[in-house]
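> Any chance you could fold what I've pasted below:
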Amino acid sequence: MPKGKIRPYELKDREAIRQICFETGFMGEPADFYWTDMESFADMWSSYYTDHEPESVLVAEVDNEVVGYLLGCLDSKKAYNPVKIGARYAFLGGGLLNSGTRPVLLRTVRDTVADLISRKSPLTGPFDDPRWPSHLHIDFLKKGRGLGLGREIMTTWLERLRSKGSPGCHLETLAENHSAIAFFKTMGFELFGEPQLAPGIRSPKGVRVHGQVMVQTL
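The predicted structure is shown next:
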């Protein structure tokens, strides 16, 4: 079995992280079935961490290849809002003209309006609660799974948060991602609140999915 290691982020890892972000963008599977532009997708979900808080990024490496990462943030109020990055791409970056991103952008607007009218509690923005100000994103390629690296990288991050005095950490995943939720529970996270509809996002079969917040007090 190949051996892996967890280490701090280095600038040379940036492109690997962006690629992994895209290749694991939907419950560990590629995001290209609903969003074909890799650069804008990576901008939404990884650019803040690598470009503005690199000291909170950890990478998992197997045989000198980056196979996963944890993107962390000590104070979530400082992080970029992915929705705003997506909106900027839609109107200024040609997203509404790109056949590979236009459908989900338009569907996001329709879903948001419909959910608000029907009072179905759609996701309206990043989670914000001073009890759990820190957050994380974690993704691994298939070749990096099953080696214990996920548990190691999470443990390393939580230890860092404790050393920095953070009172708590949260994460957001999809309620339909049962394996991820089970893993996060083993790491001490608990479900917080009810699942909320994720505007615009569909499964490969066209079914709507739900966001789920999980929290851990440190």
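> Check which helix or strand L171 maps to.
strand 168-174 (DSSP states H and E).
> Show me what that strand is packed up against.
Secondary-structure packing of strand 168-174 (3 or more Cβ pairs under 8 Å, 6 or more residues apart in numbering; DSSP states H and E): strand 134-140, helix 149-164, helix 178-186, strand 208-217. All C-beta atoms are positioned from the backbone trio N, CA, C, and that covers glycine.
> what does that strand contact?
27, 76, 127, 129, 131-138, 157-158, 161, 180-181, 184, 189, 192, 198, 209-218 (Cβ atoms under 8 Å, 6 or more residues apart in numbering).
> Surely I85 is in contact with D43?
Yes - applying Cβ atoms under 8 Å as the test, I85 and D43 come out as touching, 5.6 Å apart.
> Could you check which of the two is surrounded by more residues?
A count of neighbours by other Cβ atoms under 10 Å puts D43 above the other of I85 and D43, at 21 against 18.
> pLDDT score for the closest residue to T24 other than its chain neighbours?
Of all residues not flanking T24 in the chain, D139 sits nearest, at 4.1 Å (Cβ to Cβ, 6 or more residues apart in numbering). Confidence at D139, expressed as pLDDT, is 98.
> May I have the beta-bridge partners of D139?
Y69 (DSSP bridges).
> Could I get the contacting residues of it?
20-21, 24, 28, 68-69.
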